[in-house]
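> Here is my input; please provide its structure:
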Amino acid sequence: MHISSYLREGTVYIPTLRQVPGSYYFKTAPVQVAPASDIAAVTEAFEQAIRLGNPSITEAECSTLPKWITVAPTGVNSWRAFERGALTWSLDTDPKTGEYRMRLDQPQAGGGWTPGLIPAFTLPADTPTSEVARRAAEVIYDTAESQSQS
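As a prediction, the model looks like this:
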């Protein structure tokens with residue numbers, strides 16, 4: 001499982017990540033959206049994203065789907081505009097151990113992000129989905145709270 005979540009201007013966005021088998025993840029709708037200040041709503045958004053998982057998609061199908069960055073859910077028209085001022089986290093399961101790990105991604109000089117080295121948390125493989133979602137929501141909630149206080 002791989003989930004990308006974004007915090008931008010007090011709102012959390014979690015697009016569905018569809019996987020091209022043996023290759024990359026393609027971000028698409030549905031996009032879970034929740035106010036970062038509402039920890040229950042963010043938890044539910046993560047639970048929904050975990051339930052959806054990473055459905056398969058072909059490269060040909062990728063080219064026919066609309067981009068998830070649109071004015072409707074995000075208020076912007078482009079990826080570059082969205083990523084300015086956004087923070088992003090990756091929530092993954094380790095392919096060998098099944099552990100859940102959430103990392104704050106680091107911005108790259110030319111745009112985009114790379115996974116951070118230090119996990120925000122690591123949870124055992126047998127952790128209930130609701131607990132994983134709650135913990136992920138807490139990480140983002142705490143970050144949003146500290147942003148609003150500075």
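> Can you tell me how far the residue nearest to P107 when sequence neighbours are not counted is from K96?
Computed as CB to CB, 6 or more residues apart in numbering, the closest residue to P107 that is not its neighbour in sequence is W113, at 5.8 Å. (Glycine included, C-beta is placed from N, CA and C.) The gap separating W113 from K96 is 24 Å, by CB to CB, to the nearest Å.
> Who has more neighbours out of the two?
W113 (18 against 6; other CB atoms under 10 Å).
> Where does pLDDT dip in the protein?
The chain contains residues with pLDDT under 70 at 70-71, 150.
> the longest helix in it is where?
In the chain, assigned by DSSP state H, the helix with the most residues is helix 129-149.
> what's that helix packed up against?
Helix 129-149 is packed against strand 2-8, helix 39-52, strand 87-93, strand 100-104, strand 119-123, with contacts defined by 3 or more CB pairs under 8 Å, 6 or more residues apart in numbering; DSSP states H and E.
> wait, which of the ones you listed is closest to K27?
With distances scored as CB to CB, the stretch of the helices and strands packed on helix 129-149 nearest to K27 is strand 2-8 (6.8 Å).
> Restricting to C-alpha, output the next helix or strand after the closest one in CSV.
Beyond strand 2-8 in the direction of the C-terminus, DSSP states H and E gives the next helix or strand as strand 11-19. Extracted in CSV, the C-alpha atoms of strand 11-19 (Å, rounded to 0.1, in the frame of the first residue of the first chain):
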residue,chain,number,x,y,z
THR,A,11,-6.8,21.4,4.1
VAL,A,12,-5.8,17.7,3.7
TYR,A,13,-5.9,16.1,0.2
ILE,A,14,-5.5,12.4,-0.3
PRO,A,15,-5.8,11.4,-4.0
THR,A,16,-6.3,7.8,-5.0
LEU,A,17,-3.0,6.3,-6.1
ARG,A,18,-3.5,3.8,-8.9
GLN,A,19,-0.5,1.6,-9.7
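> What residues of strand 11-19 count as buried?
Within strand 11-19, the residues scored as buried using 16 or more other CB atoms under 10 Å are 11-19.
> so what strands line up beside the helix or strand just after that strand?
Next along the chain after strand 11-19, taking DSSP H and E as the criterion, comes strand 25-35. If you go by DSSP bridges, strand 25-35 pairs up with strand 11-19 (antiparallel).
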